[in-house]
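Visitor: Requesting a structural model of the entry that follows:
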Amino acid sequence: MNASPQKPTLALVQRIILFVSAIALTTLLFIYRGGINSQGPLDTLARQSLAPEEALANGRPTVFEFYADWCEACRQMAPSMLAIERQIENKVDIVLLNVDNNSWQDLIDEYEVSGIPQLNFFNAQGKLAGKAIGVQSEEKLNKFVTSLLSHEPIPSLLEVGKVSNFNATPLLSDNNRLNNELTQPRSHS
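Guide: Predicted coordinates for the structure are as follows:
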C-alpha cells in the first residue's frame with residue numbers, strides 16, 4: 001500500500017481568508033495602540049510636562065498627576081486632562097509623574113501616592129491645596145482647575161468617592177464579638 005499524500009486541512013480560500021483576517025486584526029490593534037510613534041493624550045501630556053520644581057516655583061497653579069503607562073484609568077482620564085490643558089493655555093501647569101520612574105520616588109513618598117491616577121492640586125504659591133484619587137470626569141477636573149485659577153478652595157473631594165469612617169467606634173461589641181459592619185474590608189461608608 002502506497003501512502004497517498006494528505007490533503008491540507010484548510011482549503012486555499014480558507015487560508016487566504018484567515019491570513020487577511022489576521023493582518024486586518026493586527027493592523028487595527030496597532031492603530032488602536034497608537035502606532036509606531038504613539039501620540040496618545042497621556043503620552044502628549046507627559047512630553048509637555050514641566051519639571052515639578054519648576055512648575056511649583058513659577059507662580060502658576062499646578063496639578064501633579066501621578067500615573068503609569070499601563071494604567072487604564074489614567075488612559076481613560078487623559079483625553080479630559082489634555083482638553084483642559086489646551087483650554088487653560090499656560091494658566092495652570094499640568095505635570096505628569098510616572099510612578100514607574102524611580103526618579104519620582106521622593107515625590108511619590110512625599111505626597112503619599114496610594115493609588116493612580118492621583119491628582120495633587122497646588123496653588124500659585126506652590127502649596128498643596130487638595131488631592132483626588134481615581135478617574136475624574138472632565139466636569140470635575142474643570143471645577144478643580146477653575147478653583148485653582150480663582151484662588152478658591154478646591155471643591156469637596158469627598159464627592160470623588162466614599163472614604164472610611166475613622167472615628168473611635170470600638171471594633172468589639174459589648175458581647176465581645178466582632179462587629180461585622182465595621183470590620184469587613186470593603187464595608188467603607
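Visitor: would you say residue 119 is within a strand?
Guide: Yes - assigned with DSSP: H, G, I helix; E, B strand; the rest coil, residue 119 falls within a strand.
Visitor: residues in contact with stretch 134-143?
Guide: The contact list for stretch 134-143 (CB atoms under 8 Å, 6 or more residues apart in numbering) reads 73, 76-77, 80-81, 83-84, 115, 117, 119, 132, 144, 155, 159-161. For every residue, glycine as well, the C-beta is placed using N, CA and C.
Visitor: Closest one of the residues you listed to residue 104?
Guide: Distance to residue 104, by CB to CB, is smallest for residue 117 among those, at 13.8 Å.
Visitor: next one: phi and psi at the closest one?
Guide: Main-chain dihedrals, residue 117, degrees, to the nearest 10: phi -70, psi 140.
Visitor: for residue 151, same thing?
Guide: phi 60, psi 30.
Visitor: Also residue 132?
Guide: phi -140, psi 140.
Visitor: That one contacts residue 155, doesn't it?
Guide: No - assessed by CB atoms under 8 Å, residue 132 is found out of contact with residue 155, at 9.7 Å.
Visitor: list residues touching both of those two?
Guide: Common contacts of residue 132 and residue 155 (CB under 8 Å, 6+ apart): 140, 144.
Visitor: Can you tell me the SS state at the spatially most central residue of the chain?
Guide: Centroid-nearest residue in the chain: residue 74, 2.1 Å away (criterion: CA atoms, centre = their mean). Residue 74 falls in the helix class when you classify it by three-state DSSP.
Visitor: Neighbour count for residue 132 and residue 155, which is higher?
Guide: Neighbour count, other CB atoms under 10 Å: between residue 132 and residue 155, residue 132 has more, with 22 against 15.
Visitor: quick one: low-confidence parts of the chain?
Guide: Applying pLDDT under 70 to the chain flags the ranges 1-9, 32-39, 157-189.
Visitor: can you point me to the longest helix in it?
Guide: helix 12-32 (DSSP state H).
Visitor: helix or strand right after that helix?
Guide: Heading C-terminal from helix 12-32, the first helix or strand you meet, by DSSP states H and E, is helix 41-48.
Visitor: Show me the contact partners of the next helix or strand after that following helix.
Guide: Scanning forward in sequence from helix 41-48 by DSSP H and E, the next helix or strand is helix 52-57. Residues from elsewhere that reach helix 52-57 (CB under 8 Å, 6+ apart): 49, 62, 64, 93, 95, 97, 104, 107, 122, 126.
Visitor: Pull the most distant pair out of those residues.
Guide: Between any two of those, the greatest separation by CB to CB is 16.9 Å, found for 104 and 126.
Visitor: So if I had to pick from the two, which one is more boxed in?
Guide: residue 104 (19 against 16).
Visitor: Kindly export the longest helix of the chain (C-alpha atoms) in PDB.
Guide: The C-alpha coordinates for helix 12-32 follow below in PDB (Å, rounded to 0.1, in the frame of the first residue of the first chain):
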ATOM      1  CA  LEU A  12      -6.600  27.600  -0.200                       C
ATOM      2  CA  VAL A  13      -9.500  30.100   0.000                       C
ATOM      3  CA  GLN A  14      -9.900  29.400   3.800                       C
ATOM      4  CA  ARG A  15      -6.200  30.000   4.300                       C
ATOM      5  CA  ILE A  16      -6.300  33.300   2.400                       C
ATOM      6  CA  ILE A  17      -9.300  34.500   4.400                       C
ATOM      7  CA  LEU A  18      -7.600  33.500   7.700                       C
ATOM      8  CA  PHE A  19      -4.400  35.300   6.600                       C
ATOM      9  CA  VAL A  20      -6.200  38.500   5.600                       C
ATOM     10  CA  SER A  21      -8.200  38.500   8.800                       C
ATOM     11  CA  ALA A  22      -5.100  38.200  10.900                       C
ATOM     12  CA  ILE A  23      -3.400  41.100   9.000                       C
ATOM     13  CA  ALA A  24      -6.600  43.200   9.500                       C
ATOM     14  CA  LEU A  25      -6.800  42.500  13.200                       C
ATOM     15  CA  THR A  26      -3.100  43.200  13.700                       C
ATOM     16  CA  THR A  27      -3.400  46.500  11.800                       C
ATOM     17  CA  LEU A  28      -6.400  47.500  13.900                       C
ATOM     18  CA  LEU A  29      -4.700  46.700  17.100                       C
ATOM     19  CA  PHE A  30      -1.600  48.600  16.000                       C
ATOM     20  CA  ILE A  31      -3.700  51.700  15.200                       C
ATOM     21  CA  TYR A  32      -5.700  51.400  18.400                       C
END
